[in-house]
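In: here is my input, please return the structure:
(one chain, ligands or ions: 1)
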Amino acid sequence: MRSRTALSVLGLAIVAASSAALVAQPRRAEDFVARAAEALGGASRLRAVRNITVAGYGEGAYMNGGGNISASTDAPQKWISIPEYEKTIDLEHGRVRVRQRNHQNFVFAGEAGYLGGPNAAVTYLDGDVAFNAAPNGRWVRATEQAARARRVDMLTNPVAIVRAALNSPAVVSHVRNEASSQLADFTLATGEKLTLSIDASGLPAWVRWMAHDENLGDVTFRTSFTGYLPVKGVMLPMGYNTVIDFRNIVQNKLYVDKNAVDEAIDDLSSPAEVRSSALPRPPAPTPDATPVGQGVWLLHGNGGANSVLFEFADHLTMFEAPSSQAWTKAVIDRARATVPGKPLTEVVVSHHHFDHTGGIRQAMAEGLTIIAHKGTEGLFREIALRKGTIAPDALGANPRPLKFRAVDDHLQLKDATMQVDLYHVVSNSHMAEGLFAHVPSSRLSVQGDFFDVGWELYWWQNTYADNIAYRRLQVDTDVPVHGRVLPIGQVLQDIQRMTKAAEAICVRTQSAGVFSAGCPVKVPSPIMESPAR
Ligand SMILES: [Zn+2]
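Out: Okay, here's the model as predicted:
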């Protein structure tokens with residue numbers, strides 16, 4: 001009786017509160033926007049702003065934190081350097097252009113990626129139309145997904161987002177207090193949602209939104225605005241820092257050199273050829289299965305990296321779930337169709353890097369056991385627990401507990417018909433928690449990121465040959481995740497050539513007074529005191 005009374009009182013209170021909120025909401029939203037506008041220079045000044053250009057430089061977290069040497073939460077973050085960055089927001093016409101250059105602050109395989117390419121990357125949004133400048137001087141329409149991301153990016157600027165709310169107050173809702181800050185949600189007509197926080201003085205402190213990631217599912221981004229300075233009567237921040245809710249990684253940093261307001265800007269309107277072209281759609285993945293040994297197939301094709309299929313007596317094992325969920329789904333389907341009647345039960349992961357695990361959520365959702373180095377278990381447990389709600393996501397649609405089989409130094413998968421040995425990759429500075437596979441019957445080495453025939457530079461010297469020698473393996477053929485199947489002799493020759501190219505780049509940059517990551521190229525120490533032969 002007593003609890004029932006308490007309940008109805010509580011029920012009444014909720015009804016009263018929500019009807020009060022309904023009445024108060026529009027006024028609170030207007031107050032929120034008015035406070036922010038006042039702090040940034042006043043509503044009339046903001047309404048009159050025609051354009052803003054933010055120029056500076058920065059850094060980005062490589063693969064959102066999924067490209068480090070180990071999968072540990074304490075692994076040092078690899079950074080992409082962004083030496084030039086410029087964002088022009090044409091508020092008058094609803095257009096934005098981002099121009100940037102970047103290069104890796106760590107050793108990797110392409111010269112342009114390592115030193116920076118000759119052309120800046122230039123992306124545009126004009127209303128609903130996203131497009132890019134291609135290196136050949138032409139224009140290319142970008143995907144609907146790119147348009148959505150750029151609409152959000154346009155609003156990760158305090159003046160742009162508050163000005164948008166001044167012009168259409170209905171986008172603002174759910175004003176609430178959080179400590180000394182006030183928060184409000186912004187919902188665009190096109191469906192994108194952002195949350196803006198303003199501090200006690202009314203200045204925007206941060207903006208937060210969600211985006212889908214193939215590896216991580218739903219990811220929350222939060223960009224903080226700091227160091228406001230006035231420009232032509234408008235307050236603009238001198239620093240942008242973006243953190244994601246995956247390990248609180250600083251995903252992006254922007255150090256501002258210059259904020260420009262209402263200076264002459266280029267015409268950012270979309271060319272007619274772009275407007276009239278269809279939205280690009282990636283081709284449906286259609287992987288092929290090519291036999292590379294007795295009971296071993298390379299699964300390869302358009303739009304994704306390779307996987308490898310092993311046929312055991314009563315089940316199938318796949319090596320690698322790369323690229324994306326859709327690609328890995330197609331590869332899994334191809335694996336099942338290649339050997340009908342035997343269940344695919346497990347997938348070996350070469351290493352945790354996000355290009356090699358872009359389909360891991362698909363593999364988890366299919367109930368496959370993940371076989372990987374023991375050092376990666378924590379990361380894969382984190383990934384298995386992450387939600388996927390805002391875009392098609394295999395694990396979001398079908399959450400499953402992670403099935404994980406840890407490999408330390410060596411794991412033999414063997415039955416009457418097949419033997420596959422998995423070995424920990426040693427003597428390698430690209431991955432400390434990698435596995436490669438050896439199939440003794442066909443003398444195959446199956447590997448991810450030991451070697452890719454498409455690489456230009458090689459920084460790891462003898463690592464592939466060292467690992468083969470250390471394990472005393474008989475290898476005739478390299479079966480790679482990236483690239484194509486090649487005789488091992490050719491692979492080792494190509495490695496020599498790519499190593500010389502890396503050494504040459506070090507000589508070139510040092511003679512120009514530039515001291516790049518990884519230079520000079522190091523010869524790895526021997527794995528053993530005296531290699532057993
Ligand atoms: Zn890698």
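
In: from here on, contacts and neighbour counts on C-alpha atoms
Out: OK.

In: remind me which residues of the stretch 301-450 of the chain are low pLDDT?
Out: For the stretch 301-450 of the chain, no stretch is flagged by pLDDT under 70.

In: should've said the chain
Out: Using pLDDT under 70, the flagged stretches of the chain are 1-26, 529-533.

In: helix or strand for residue 513, which one?
Out: Assigned by DSSP states H and E, residue 513 falls within no helix or strand.

In: ok, longest strand in the protein?
Out: strand 217-231 (DSSP state E).

In: ok, residues contacting that strand?
Out: 156, 158, 204-213, 235-246, 259-261, 386-390, 393, 396 (Cα atoms under 8 Å, 6 or more residues apart in numbering).

In: please repeat the previous calculation with a cut-off of 6 Å.
Out: Strand 217-231 has contacts (Cα atoms under 6 Å, 6 or more residues apart in numbering) with 205-212, 235-245, 387-388.

In: please check the residues you listed and keep the buried ones.
Out: For the contacts of strand 217-231, a neighbour count by 16 or more other Cα atoms under 10 Å gives the buried set as 205-212, 235-244, 387-388.

In: got the phi and psi for residue 250?
Out: phi -70, psi 110 (degrees, to the nearest 10).

In: report the contact partners of it.
Out: 242, 243.

In: and the strands in the stretch 101-250 of the chain?
Out: Assigned by DSSP state E, counting those that start in this stretch, the strands in the stretch 101-250 of the chain fall at 121-126, 129-133, 139-141, 172-178, 181-187, 193-198, 204-213, 217-231, 234-244, 250-261.

In: so for residue 93, which of the ones you listed sits nearest?
Out: strand 121-126 (7.9 Å; Cα to Cα).

In: between that closest one and strand 129-133, how big is the angle?
Out: 160 degrees (axes from the mean of the first three to the mean of the last three Cα atoms, to 10 degrees).

In: can you map out the helices along the stretch 401-533 of the chain?
Out: 463-470, 488-511 (DSSP state H, counting those that start in this stretch).

In: and residue 179, which of these is closest to it?
Out: helix 488-511 (50.8 Å).

In: report the buried residues of stretch 379-395.
Out: Buried residues in stretch 379-395, counted by 16+ other Cα under 10 Å: 379, 380, 383, 384, 385, 386, 387, 388, 393, 394, 395.

In: which among the strands of the stretch 101-250 of the chain is found nearest to residue 274?
Out: strand 139-141 (5.5 Å).

In: list the buried residues of that closest one.
Out: Result for strand 139-141 [16+ other Cα under 10 Å]: buried residues 139, 140, 141.

In: roughly how far is it from the heart of the chain?
Out: Put simply, strand 139-141 sits 23 Å off its chain's centre (Cα atoms, centre = their mean, to the nearest Å).

In: that one pairs with which strands, parallel or anti?
Out: If you go by DSSP bridges, strand 139-141 pairs up with strand 129-133 (antiparallel).

In: would you put the C-alpha positions of the partner strand in CSV?
Out: Extracted in CSV, the C-alpha atoms of strand 129-133 (Å, rounded to 0.1, in the frame of the first residue of the first chain):
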residue,chain,number,x,y,z
VAL,A,129,27.0,17.1,-52.4
ALA,A,130,30.4,15.9,-51.2
PHE,A,131,33.3,15.8,-53.7
ASN,A,132,37.1,15.6,-53.9
ALA,A,133,39.8,17.1,-56.0
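
In: hmm, who's touching that strand?
Out: Contacts of strand 129-133 (Cα under 6 Å, 6+ apart): 122, 123, 124, 139, 140, 141, 142, 147.

In: one more time with 10 Å
Out: Residues from elsewhere that reach strand 129-133, judged by Cα atoms under 10 Å, 6 or more residues apart in numbering: 95-99, 119-125, 138-151, 269-271, 274-275, 279.

In: buried subset of the residues you listed?
Out: 95-99, 120-125, 139-144, 146-148, 150-151, 269-270, 274-275, 279.

In: in helices only, show me those residues.
Out: The helices, defined by DSSP state H, take in 144, 146, 147, 148, 150, 151, 274, 275 from those.

In: need the contact list for the last one.
Out: Residue 275 makes contact with 126, 128, 129, 130, 131, 140, 141, 269 under the criterion Cα under 10 Å, 6+ apart.

In: and the furthest pair within the residues you listed?
Out: 128 and 140 (14.4 Å).

In: who's residue 221 bridged to?
Out: Bridge pairing for residue 221 - DSSP bridges - gives residue 209, residue 244.

In: what's the span of stretch 303-322 from first residue to last?
Out: 11 Å (Cα to Cα, to the nearest Å).

In: for it, buried residues please.
Out: 303-312, 316-322.

In: among the residues you listed, name the ones in strands.
Out: 307, 308, 309, 310, 311, 316, 317, 318, 319.

In: got the residues you listed as JSON lines, with distance to residue 405 columns?
Out: Below are these laid out as JSON lines (distance: Cα to Cα, whole Å):
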{"residue": "307", "distance to residue 405": "19"}
{"residue": "308", "distance to residue 405": "18"}
{"residue": "309", "distance to residue 405": "18"}
{"residue": "310", "distance to residue 405": "17"}
{"residue": "311", "distance to residue 405": "19"}
{"residue": "316", "distance to residue 405": "16"}
{"residue": "317", "distance to residue 405": "13"}
{"residue": "318", "distance to residue 405": "14"}
{"residue": "319", "distance to residue 405": "14"}
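
In: out of the residues you listed, who's nearest residue 426?
Out: Nearest member of these to residue 426, counting by Cα to Cα, is residue 319, at 18.8 Å.

In: for stretch 401-414, buried residues please.
Out: 402, 403, 404, 405, 407, 410, 411.

In: what about it, distance to the chain center?
Out: 26 Å.

In: do me a favour and get the end-to-end distance for it?
Out: End-to-end for stretch 401-414, by Cα to Cα: 26 Å.

In: now the ones in helices among the buried ones among the contacts of strand 129-133 as TSV including distance to residue 290?
Out: Formatted as TSV, these follow (distance: Cα to Cα, whole Å):
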residue	distance to residue 290
144	34
146	34
147	38
148	38
150	40
151	43
274	39
275	41
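
In: if we can go back for a sec, could the buried residues of strand 139-141 go into CSV alongside distance to residue 344?
Out: Output for the buried residues of strand 139-141, formatted as CSV (distance: Cα to Cα, whole Å):
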residue, distance to residue 344
139, 44
140, 40
141, 39
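
In: returning to that earlier point: from the contacts of residue 275, which is closest to residue 501?
Out: Using Cα to Cα, the contacts of residue 275 come closest to residue 501 at residue 140, 32.8 Å.

In: contacts only, for the closest one.
Out: Applying Cα under 10 Å, 6+ apart, the residues near residue 140 are 123, 130-134, 271, 273-275, 277, 279-280.

In: what residues are bridge-paired with it?
Out: In this structure, residue 140 bridges to residue 132 when assessed by DSSP bridges.

In: measure it to residue 276 for me?
Out: 11 Å.

In: kindly report the same for residue 165.
Out: 31 Å.

In: more neighbours, those two?
Out: More crowded of residue 165 and residue 276, by other Cα atoms under 10 Å: residue 165, with 22 against 10.
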